[in-house]
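**Student:** Next input, structure requested:
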Amino acid sequence: MECRLDGQVAMVTGGSSGLGRGIALLFGQAGASVVVNYRSGREGAEEVVRQIIGSGGRAIAVQADVAQEDAVEAMFAQAVETFGAVDILVANSGIQKDARIGDMSLQQWQQVLDTNLTGQFLCARAALKQFRAQGDRGVSRAHGKILCMSSVHEVIPWAGHVNYAASKGGVSLLMKSLAQEVAGERIRVNAIAPGAIRTAINTEATQGDAAKKLLKLIPYQRIGEAEDVAKAALFLASDMADYVVGATLFVDGGMTLYPGFEDNG
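**Tutor:** Below is the predicted model of the structure:
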């Protein structure tokens, strides 16, 4: 058995760059029709679509702010109008607005929670409604699949990033509670928790001296690539993972092993 998504429709939020881009491209290669969501990165989303179509797949780019209820509903409606269904949701959209807590504004707190946590709730709710409406389409053993994008910071505290860490801690129990609620409907909900992943937006933190410092936190001694996360997402979305329900897959090179305690056991 291969990790294939033939005949399925996958929606990837935040699919114009970074982890979302990698997931969208790999899902397209695996046979899925891909809805590439973006909020402001139109050119990036359209380039992902071009690559998927150029390789013989099907894809569309759809603009929507996942923190806005009406926008999420419209995005799902457009996906169904174009492809007839939605079988997989990868709730990947996320932002950071970093500050020490004494200097953090309410707006910085709210923006991160709105996108990273409320956005996942809104997308998951819309996906569930669609899964129930379309029923068993015969394209997968599950009747629908949701992947929540979390972070190692659902378990590792992160000073100076309290809004981000709180949002990811919330994602963890959102995912588990949702998985518990809908598993009986043959709907699988899981999460991916990436560690340090090299993408365009964190170049400074993953090169040179900064990379050497970062490697002290990674027992496996390499910084991850978007492809590492995309492969994990493909596995979880495929029938290869049909018995995986309510689980968080950490893709972190061992960062959550707390390497600072390596010599203190």
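**Student:** what's the burial count for Asn202?
**Tutor:** Neighbourhood size, Asn202 [other CB atoms under 10 Å]: 16. (Each C-beta comes from the backbone N, C-alpha and C, glycine too.)
**Student:** What distance do you get for it to Val66?
**Tutor:** Counting by CB to CB, to the nearest Å, the gap between Asn202 and Val66 amounts to 21 Å.
**Student:** who touches the longest helix seen in the chain?
**Tutor:** In terms of residue count, the longest helix belonging to the chain (DSSP state H) is helix 162-182. Helix 162-182 has contacts (CB atoms under 8 Å, 6 or more residues apart in numbering) with 94, 96-98, 101, 104, 108-109, 112-113, 116-117, 120-121, 124, 128, 146, 148-151, 153-158, 188-191, 193, 245-246, 248.
**Student:** Tell me the first helix or strand C-terminal of the helix or strand that contains Asp209.
**Tutor:** According to DSSP states H and E, Asp209 maps onto helix 208-215. As assigned by DSSP H and E, the chain's next helix or strand after helix 208-215 is strand 224-225.
**Student:** ok so, going back, could I get the buried residue list for the longest helix of the chain?
**Tutor:** Neighbour counts using 16 or more other CB atoms under 10 Å place 162-172, 174-176, 178-179, 182 of helix 162-182 among the buried residues.
**Student:** can you give me how far that helix is from the chain middle?
**Tutor:** 13 Å (CA atoms, centre = their mean, to the nearest Å).
**Student:** Following element in sequence after that helix, please.
**Tutor:** Following helix 162-182 toward the C-terminus (DSSP H and E): strand 187-194.
**Student:** Name the residues that touch the helix or strand of the chain at the bottom of the mean pLDDT ranking?
**Tutor:** Of the helices and strands making up the chain, the lowest-confidence element is helix 208-215, at a mean of 92, by mean pLDDT, DSSP states H and E. Helix 208-215 has contacts (CB under 8 Å, 6+ apart) with 196, 204-206, 221-223.
**Student:** change it to 7 Å
**Tutor:** 196, 204-206, 221, 223 (CB atoms under 7 Å, 6 or more residues apart in numbering).
**Student:** try stretch 94-105
**Tutor:** For stretch 94-105, contacts defined as CB under 7 Å, 6+ apart pick out 14, 108, 111-112, 115-116, 149, 160-164.
**Student:** Quote the end-to-end distance of that stretch.
**Tutor:** Stretch 94-105 has an end-to-end distance of 18 Å (criterion: CA to CA, to the nearest Å).
**Student:** Average pLDDT for it, rounded please.
**Tutor:** Across stretch 94-105, pLDDT averages out at 96.
**Student:** Just the buried positions in that stretch, please.
**Tutor:** Buried residues in stretch 94-105 (16+ other CB under 10 Å): 94-95, 97, 104.
**Student:** Look at the closest residue to Met240 other than its chain neighbours and give its secondary structure.
**Tutor:** What sits nearest to Met240 in space, not counting adjacent residues and going by CB to CB, 6 or more residues apart in numbering, is Cys3, at 5.3 Å. Following DSSP: H, G, I helix; E, B strand; the rest coil, Cys3 is assigned to coil.
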